[in-house]
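> Provide a 3D model corresponding to the input given below.
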Amino acid sequence: MNVRRSAAALAASAVLCVGAAPAALADTAPPSPSAPVIPSGLYGKNDPTYDGVFRQSLAFLAQHTAGVKPAAQPVDWLTGQQCANGAFPAFRPDTAKACDATTYIDSNATAAAVQALAALGGHDETVKKAVGWLKSVQNEDGGWSNSPGGAMDTGTDANSTGIVIGALVAAGEKPDTVKSKTGRTADSALEEFQITCREEGTTGETPTGAFAFQRDKGVLLPNADATAAAALGLLGKGMTVEAPKADKPVAEHPVNCKAGAAGPGDAAEGGARYLTDTMAKSGDHLVSSLAGAGEQPDFGNTADAVIALAAGGHKDAAAKPLAWLEQNSAAWAKTAGPGAYAQLILAAHAGGKDPKAFGGTDLVAELNAQGPAPQGADAATKVETGQDKPSGGQSVWWIVMAGAAAGLGIGILLSGRRKRNQL
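Predicted coordinates:
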């Protein structure tokens, strides 16, 4: 989910690589606006332009798994972000102004909001409108793009398609009955992004089942972020996954080189094989890199991988990267803010770990401290963090985004999906 996806990663790249951005990024990156005022109902103090709705949704999902009920104010903020057509933008600073052609509409933010509001309950009409919009922008191949119909719409990608499937399931829909105008489903779109043979871009002599974000000049390149998102989608799961009670070993060769996967289950299993093998090579975690920065631990994508593995029943395979996160993620989460704490809580939940005692940190208390105090007993818990203070302008923005974009990113929240990181 490399925190996924979106323009947030491009914005980070623009900050880090001014004057030296790769052409592929320079062509699609949105302009960097001046930092807006942070709404009082929004979790976190970092610029929400590219991730406001997404990080808020992640926060609610994580709190829900921990039995925490958010206050009315932040929930109202999220529902108030919805456009009249049902879509959610990445961030809508002025809700008094109707959404128009300049509004950055985001299928990933919409899908995340659907999952969060469905979990909270009591928002049936908001969820129904959002799902209606998602169905209306399904591509002919059965999948979804990040910014349907917008200037940054580059066609179906694995990440967007995977998270939309999770939204459909959360809303009570059956994804295999949601078909495009040509009769195709999301599963069929995802399966086209799976690498089955070495000549298509996998490394090693046996197929690993990795997924690509999209075709890059006609070629499929392995991408761990896309693989985790696709595996979740093919399993019909959202971002909240229950811990498996027993272990299901990851199959050795679930994808046939010539014939591909036998179905969505085997395709997802192929993704699990790729994630497991890739993390084993780098010390039980994923890595990513930006030009000139070298490889860095990728905490967000590692958390996403834990969730994807747990969704497939791979308890033991998920335990190793989760243990790595428990020992190494504290500094990243403190810098990255609410989306990072939420991802760690969701990973801990999927792996059967207590998020209130995760590597010596109470992740739930840290997340609660990022926004308005939640309802109930947990409202009394307030942790002093750097996120409680105003960002202070460009210097802090540089620090935070540098940390995120250089491999310290927020998995599904500030994703490098559009960077097409080859992991």
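> What distance do you get for residue 166 to residue 149?
22 Å (CB to CB, to the nearest Å). C-beta here means a position set from N, CA and C on the backbone, and glycine is covered the same way.
> higher neighbour count, the two?
Between residue 166 and residue 149, counting by other CB atoms under 10 Å, residue 166 is the more crowded of the two (25 against 10).
> which residues in the chain form strands?
Under the criterion DSSP state E, the chain contains strands at 215-216, 219-220, 287-290, 294-297.
> hey, which of those strands is tucked in deepest?
strand 287-290 (a mean of 22; mean count of other CB atoms under 10 Å).
> Packing partners of that one?
strand 294-297 (3 or more CB pairs under 8 Å, 6 or more residues apart in numbering; DSSP states H and E).
> in stretch 358-365, what's buried?
Residues of stretch 358-365 classed as buried under the neighbour-count rule (16 or more other CB atoms under 10 Å) are 358, 359, 361, 362, 363, 364, 365.
> which residues does the nearest residue to residue 275 once chain neighbours are set aside contact?
Once flanking residues are discounted, residue 275 sits nearest to residue 305: 4.7 Å by CB to CB, 6 or more residues apart in numbering. By CB atoms under 8 Å, 6 or more residues apart in numbering, the residues touching residue 305 are 224, 228, 275, 279, 286, 321.
> most neighbours, which of the residues you listed?
Highest neighbour count within those: residue 228, with 34 neighbours (other CB under 10 Å).
> What ranges does the stretch 251-400 of the chain have for its helices?
For the stretch 251-400 of the chain, the helices defined by DSSP state H, counting those that start in this stretch cover 264-281, 299-311, 315-328, 330-336, 338-350, 363-368, 394-403.
> Count the neighbours of the residue nearest to residue 173 when sequence neighbours are not counted for me.
Spatial nearest neighbour of residue 173, excluding adjacent residues (CB to CB, 6+ apart): residue 131 at 6.6 Å. Burial of residue 131 is recorded as 23 neighbouring residues (other CB under 10 Å).
> What of the one 10 residues further on?
A count of nearby residues for residue 141, using other CB under 10 Å, gives 18.
> where does it fall, phi/psi-wise?
Backbone torsions of residue 141, given as degrees, to the nearest 10, read phi -80, psi 0.
> distance of it from residue 184?
According to CB to CB, residue 141 and residue 184 sit 6 Å apart.
> what's the least confident stretch among the strands of the chain?
Here those differ in mean pLDDT, and the lowest is strand 287-290 at a mean of 81.
> Low-confidence bits of the stretch 201-350 of the chain, can you list those?
Within the stretch 201-350 of the chain, the stretches with pLDDT under 70 are 201-207, 290-291.
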